[in-house]
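Peer 1: Need coordinates for the following:
(chains A and B)
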Amino acid sequence: MAKKSFDIQINTAWCKGCEVCVAICPKKVLEMSDKPAPSGYFTAVVKRQADCIGCMECELHCPDLAIEVKSKKEEVKSDAKGG
Amino acid sequence: MIETLKKYIRPDVFPTPFCPGCGHGILMQALLRAIDELKLDIDKMVFLSGIGCAAWIPSPHFAADTMHTTHGRPITFATGIKLVNPKLKVVVISGDGDLSAIGGNHLIHAARRNIEMTVICANNSIYGMTGGQVAPTTPTGAKSATTPQGNPERDFDLCKLVKGAGADYVARGTVYHMRELIKYLKTALQHKGFSFVDVISPCYTQFGRRNQNTCGGSASSAIMNLKTAVSKTPQDGEILTGEF
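Peer 2: Got it, this is the predicted structure:
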């Protein structure tokens, strides 16, 4: 069975850089950016995407609804529908 | 998953007005997920809130009928709405100060009358919006703007209060334990009669920075500390969670 892979998207317009996702990730996938986003906040960035196990803790605990975790399979399906 | 929640919110009002790391945003997501999992029609729901940080959870973020009422009175407005149109699902979301101090009388009498509504208390142990004054839910010894030497009084146990007033369904969860919290919110939303959920949602800006011994040095540590702060058999300082 192939290892599942996940795609993490961070909405930098909504993220306020509270670091909850960085603290809660069991695999240390996320880190804080060292450059501010256009909103002025130092947002979270995905550093080690390959390590993601898809536990959804970051998405569930984001106070700003700014994180979306998608499994890669789903993405292919939605692309096929769209195109 | 967030994409599916977007049909319940008004994306143009985002980002939220909450401070970075505020637990209220996590509670907002938990409630949206509970509504999504129950497949409720958000157009047949009314969300009411009073005054305070927590009152901003439904209004203006939810794409439903919302009412931002006067301080402490969301339950009275909710009673009126339920009497006029009993088909509507009425949900009150407000803070601990709004529900238990200014509107404390309305809370216990709505529970006594067993009016069919869901009341969600976003409990951050302090008056966050007005400058961090001591609230009835501030734990003994905790520092606030008006108790710089520590709160000499004991705090309200809202679950015991509402249970004692006659509510059928009472639960307490935290914003760290999201899957449990969503389960409690789903049960409360389906309950026939008065249901109450006390949600522990840390405020770092006003409470955490004055109580760094219990909350740690940042907003994220205040949320992470909830992991070990709860218990089914609480010793001193621990929080009792579960359904009562």
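Peer 1: Report the buried residues of stretch B:106-119.
Peer 2: For stretch B:106-119, burial by neighbour count (16 or more other CB atoms under 10 Å in any protein chain shown) applies to B:106-108, B:110-111, B:115, B:117-119. Using the backbone N, CA and C atoms, a C-beta is placed for each residue, glycine as well.
Peer 1: Residue A:70 and residue A:64, how far apart?
Peer 2: 18 Å (CB to CB, to the nearest Å).
Peer 1: what two of the buried residues of stretch B:106-119 are the furthest from one another?
Peer 2: Within these, two members stand farthest from each other by CB to CB: B:108 and B:118, at 16.3 Å.
Peer 1: sorry, back to before: okay, residue A:70 and residue A:64: which has more neighbours?
Peer 2: The residue with more neighbours, out of residue A:70 and residue A:64, is residue A:64; 26 against 17, by other CB atoms under 10 Å in any protein chain shown.
Peer 1: on that earlier part again, take the buried residues of stretch B:106-119 and keep only those in strands.
Peer 2: Counting by DSSP state E, the part of these found in strands is B:117-119.
Peer 1: Just the buried positions in stretch B:210-223, please.
Peer 2: So for stretch B:210-223, counting by 16+ other CB under 10 Å, buried means B:210-211, B:215-216, B:218-223.
Peer 1: Same question for stretch A:9-20.
Peer 2: A:10-12, A:14-20.
Peer 1: contacting residues for the residue of chain A found nearest chain B?
Peer 2: Proximity of chain A to chain B (CB to the nearest CB) peaks at residue A:63, 2.7 Å away. Neighbour list for residue A:63: A:16, A:18, A:20, B:16, B:18, B:20-26, B:28-29 [criterion: CB atoms under 8 Å, 6 or more residues apart in numbering or on different chains].
Peer 1: As JSON lines, the residues you listed with distance to residue B:59, pLDDT and secondary structure would be great.
Peer 2: JSON lines is the format used below for those (distance: CB to CB, whole Å; pLDDT from 0 to 100; DSSP: H, G, I helix; E, B strand; the rest coil):
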{"residue": "A:16", "distance to residue B:59": "20", "pLDDT": "92", "secondary structure": "coil"}
{"residue": "A:18", "distance to residue B:59": "22", "pLDDT": "91", "secondary structure": "coil"}
{"residue": "A:20", "distance to residue B:59": "24", "pLDDT": "92", "secondary structure": "helix"}
{"residue": "B:16", "distance to residue B:59": "12", "pLDDT": "91", "secondary structure": "coil"}
{"residue": "B:18", "distance to residue B:59": "13", "pLDDT": "92", "secondary structure": "coil"}
{"residue": "B:20", "distance to residue B:59": "21", "pLDDT": "91", "secondary structure": "coil"}
{"residue": "B:21", "distance to residue B:59": "22", "pLDDT": "89", "secondary structure": "coil"}
{"residue": "B:22", "distance to residue B:59": "16", "pLDDT": "92", "secondary structure": "coil"}
{"residue": "B:23", "distance to residue B:59": "18", "pLDDT": "92", "secondary structure": "helix"}
{"residue": "B:24", "distance to residue B:59": "13", "pLDDT": "94", "secondary structure": "helix"}
{"residue": "B:25", "distance to residue B:59": "14", "pLDDT": "93", "secondary structure": "helix"}
{"residue": "B:26", "distance to residue B:59": "18", "pLDDT": "94", "secondary structure": "helix"}
{"residue": "B:28", "distance to residue B:59": "11", "pLDDT": "94", "secondary structure": "helix"}
{"residue": "B:29", "distance to residue B:59": "16", "pLDDT": "94", "secondary structure": "helix"}
